[in-house]
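Asks: here is the input, now give the coordinates:
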Amino acid sequence: MQENQFHATTILGVRHRGKVVMAGDGQVTWGSTIFKGQARKVRTMHQGRVLAGFAGTAADAFALFEKFEQFLESARGKLDRAAVALAKEWRTDKYLRRLEAQLIVMDTEKTFLISGNGDIIEPDHEVIAIGSGGGFALAAGIALVQNSDLDARSIAENAMNIAADICIYTNHHLTIEEL
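Replies: Just a heads-up that it's a prediction; the model follows:
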């Protein structure tokens, strides 16, 4: 790991019992130092009908959020069309392809992970996660979906807290958005 590399974050999306929830922690680290504890890496878009969260370099992610929002408006809120347009441009544009981030985007019907390699992945499970603590949050979220009576928000919150207890790059300051 390079000393000046930012590690950001844990983002978790949960689709369960008709609800869609996305949660993100607030920690950004630089090397072995906690640089910020209350970053906001999850937001709503398209008049509150789409959730988006990022993992990776903050400036890159904000550039991608802006680009994705433009594609979402052009596609009149069609999440799949906007995701394909962003992935295509991200992969082919000279400036964008240097950006280091991943996005999770969700609406009431679909969930996608979008990467700069042109990947658009729709998960098999009701749960998706990215970032340094993504594996921990994903495992906890799947276990909670399969073995509890919790609602989507409670699953997201509990899974993120489990990840924060395990991953040094994840904290307990959560941003949670719902559709």
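Asks: for the rest of this, base every contact and every neighbour count on C-alpha atoms.
Replies: OK.
Asks: quick one, strands of the chain?
Replies: Per DSSP state E, the chain carries strands over the ranges 6-7, 10-16, 19-25, 28-30, 33-36, 42-45, 50-56, 101-106, 111-115, 120-121, 127-131, 174-178.
Asks: nearest to Glu89, out of those?
Replies: strand 111-115 (11.0 Å; C-alpha to C-alpha).
Asks: re the thing from before, by mean pLDDT, show me the worst of the strands of the chain.
Replies: Mean pLDDT values for the strands of the chain show the minimum at strand 6-7, a mean of 48.
Asks: work out which residue lies at the spatial centre of this structure.
Replies: Geometric centre of the chain, nearest residue: Gly53, 3.3 Å, by C-alpha atoms, centre = their mean.
Asks: contacting residues for that one?
Replies: Applying C-alpha atoms under 8 Å, 6 or more residues apart in numbering to Gly53 gives the contacts Ile11, Met22, Ala23, Gly24, Lys41, Val42, Arg43, Leu103, Ile104, Val105.
Asks: how about a cut-off of 7 Å?
Replies: The contact partners of Gly53, taken as C-alpha atoms under 7 Å, 6 or more residues apart in numbering, are Ile11, Lys41, Val42, Arg43, Leu103, Ile104, Val105.
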